[in-house]
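Undergrad: All I have is the shape, not the residue letters:
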């Protein structure tokens, strides 16, 4: 059973990761909207913003997947291992 302090730390870490994701998503939407507007007002030739939207979108989806599904478990395990290692050195 984890202590109250550990649970608070885990909750804080998860909240920070989610805030980071929402910041990334906001930047993604804003920057790509500006790029699409530039493309549209410059004559709407080859749809070059799609390349950026797709490649950056892959990164956003991967980061979101890590934050909301698998990432926190790995972080928690690594933090627990480090804690155990530090605790052994202290003794």
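TA: That came through fine. The model shown is predicted, which means the values in this text are computed figures rather than measured ones.
Undergrad: those helices in the chain, which residues are they?
TA: 4-41, 49-65, 71-90 (DSSP state H).
Undergrad: Including mean pLDDT, could these go into CSV?
TA: Shown next, in CSV, are the helices of the chain (pLDDT from 0 to 100):
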stretch, mean pLDDT
helix 4-41, 89
helix 49-65, 94
helix 71-90, 70
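Undergrad: would CSV of the ones you listed with mean neighbour count be doable?
TA: All C-beta atoms are positioned from the backbone trio N, CA, C, and that covers glycine. As requested, those are exported to CSV (neighbours: other Cβ atoms under 10 Å):
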stretch, mean neighbour count
helix 4-41, 13
helix 49-65, 13
helix 71-90, 11
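Undergrad: Give me the residues contacting stretch 27-34.
TA: Residues outside stretch 27-34 that contact it (Cβ atoms under 8 Å, 6 or more residues apart in numbering) are 49, 52, 53, 56, 57, 60.
Undergrad: Swap in 7 Å and give it another go.
TA: Stretch 27-34 is contacted from outside by 49, 52, 53, 56, 60, using Cβ atoms under 7 Å, 6 or more residues apart in numbering.
Undergrad: Distance to residue 80 for the residues you listed - can I get that in TSV?
TA: TSV is the format used below for these (distance: Cβ to Cβ, whole Å):
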residue	distance to residue 80
49	43
52	39
53	38
56	33
60	29
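Undergrad: Out of these, which is nearest to residue 24?
TA: The closest of the contacts of stretch 27-34 to residue 24 turns out to be residue 60 (Cβ to Cβ; 6.1 Å).
Undergrad: ok, now how distant is the nearest residue to that closest one once chain neighbours are set aside from residue 4?
TA: Distances taken as Cβ to Cβ, 6 or more residues apart in numbering put residue 28 closest to residue 60, at 5.2 Å, once the chain neighbours are dropped. Distance of residue 28 to residue 4, given as Cβ to Cβ, to the nearest Å: 36 Å.
Undergrad: any idea how far residue 4 lies from residue 45?
TA: 60 Å.
Undergrad: give me the number of residues near residue 3?
TA: Close neighbours of residue 3, defined as other Cβ atoms under 10 Å, add up to 8.
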